[in-house]
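> pasting the structure only:
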């Protein structure tokens, strides 16, 4: 009987694609297995070590769906290095980003469509004139591989230099999956309350090479055609961490570490 059931299971598995998942529970544990079924009340998975397991949805914090090669999804599809895509966090998700060990940013999904970022630079903080950064982004998925977003960023210096401020207002269009996508954005910069008449065109992209590595590019072009900032680099991908190593035109390297919250 066991042999018959095993053979039947093999035939069933061969007739359909296997979906591997990681189930994160509210008690902080996580279990990897093959997804058997899922509905509004429960999820059933088959774990190699634990066998068939059933969890009530009330026990589950989130479910991560691995791709056909068993790879974790890109933990940070909402951003490139500094620039953003039109993807937004799911409600309650976010990340902590550290650039050069000095710039500290926290991003959080207020809803599935609205994300916010807040940050501070450490040296200026200790000097009494902290550089503060804030961003809000509202995104809308309009098709399976097409997302639109509006983003507003603001940077200011507190303390005795409080009169210094700058920011950007952008519209973003992202085409592609969370593993391979291209973003084109356009908008305007402002400083001390005045909007620059020259627009800024942004082009960013990512493509996943394998389980651990992706290619990145992030570029800024003034619509007046006078200046451009071009960059390319690599992203190292782990379960809840990414490391970006970028090289900007002119020989300027940049590195960050990002932890998924």
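Nice, thanks for sending it over. Computed from a prediction, not measured in an experiment: that's the story for all the values here.

> switch to C-alpha atoms for all contacts and neighbour counts from now on
Fine.

> I figured residue 38 was touching residue 44, is that so?
Yes - the criterion here is C-alpha atoms under 8 Å, and residue 38 meets it with residue 44 at 6.2 Å.

> For burial, what's the neighbour tally of residue 48?
Neighbour count of residue 48, defined by other C-alpha atoms under 10 Å: 10.

> can I assume it is in contact with residue 31?
No - counting by C-alpha under 8 Å, residue 48 does not reach residue 31; the two are 10.1 Å apart.

> contacts for stretch 137-154?
Stretch 137-154 is touched from outside by 86-88, 113-116, 133-136, 165-177, with contacts defined as C-alpha atoms under 8 Å, 6 or more residues apart in numbering.

> Domain boundaries for the protein, per the record?
2-65, 94-260 (automatic domain parsing).

> Check the offset of the first one from the chain's centre.
What that stands for is domain 2-65. Relative to its parent chain, domain 2-65 has a centroid offset of 26 Å by C-alpha atoms, centre = their mean, to the nearest Å.

> Repeat that for the longest one.
For domain 94-260, the distance between its averaged C-alpha position and the chain's averaged C-alpha position is 11 Å (C-alpha atoms, centre = their mean).

> pLDDT of that domain, averaged?
Mean pLDDT, computed over domain 94-260, is 91.

> cool, the shortest one as well?
Averaged over domain 2-65, pLDDT sits at 78.

> and if you look at stretch 71-84?
Stretch 71-84 comes out with an average pLDDT of 91.

> Confirm for me that residue 80 is in contact with residue 206.
Yes - applying C-alpha under 8 Å, one finds residue 80 in contact with residue 206, separated by 7.4 Å.

> The two: which is more packed in?
More neighbours surround residue 206 than the other of residue 80 and residue 206, with 27 against 21 (other C-alpha under 10 Å).

> partner residues bridging the more buried one?
Assessed by DSSP bridges, residue 206 has beta-bridge partners residue 181, residue 216.

> Could I get the full set of helices for the stretch 51-200 of the chain?
122-127 (DSSP state H, counting those that start in this stretch).

> tell me which element residue 221 is part of?
strand 213-222 (DSSP states H and E).

> Bridged to residue 195, which residues?
Applying DSSP bridges, one finds that residue 195 bridges with residue 190.

> again with the one 5 residues further on
Legend: beta-bridge partners of residue 200 under DSSP bridges are residue 187, residue 222.

> picking up where we left off before, which residues do residue 80 and residue 206 both contact?
Contact criterion C-alpha under 8 Å, 6+ apart; residues shared by residue 80 and residue 206: 216-217.

> Would you check that residue 249 makes contact with residue 228?
No - using C-alpha under 8 Å, residue 249 is not in contact with residue 228, being 9.1 Å away.

> any idea how far residue 124 lies from residue 102?
According to C-alpha to C-alpha, to the nearest Å, residue 124 and residue 102 sit 9 Å apart.

> Please identify which of those two sits among more neighbours.
A side-by-side neighbour count of residue 124 and residue 102, using other C-alpha under 10 Å, places residue 124 first with 16 against 13.

> list the contacts for that one?
Residue 124 sits in contact with 130-131, where contact means C-alpha under 8 Å, 6+ apart.

> Of the domains of the chain, flag the one that's most buried.
Among the domains of the chain, ranked by average contacts under mean count of other C-alpha atoms under 10 Å, first place goes to domain 94-260 (a mean of 17).

> check contacts around the residue lying closest to residue 106 once chain neighbours are set aside.
Among residues not flanking residue 106 along the chain, residue 96 sits closest, at 4.5 Å (C-alpha to C-alpha, 6 or more residues apart in numbering). Residue 96 is in contact with 104-107, 258-261, counting by C-alpha under 8 Å, 6+ apart.
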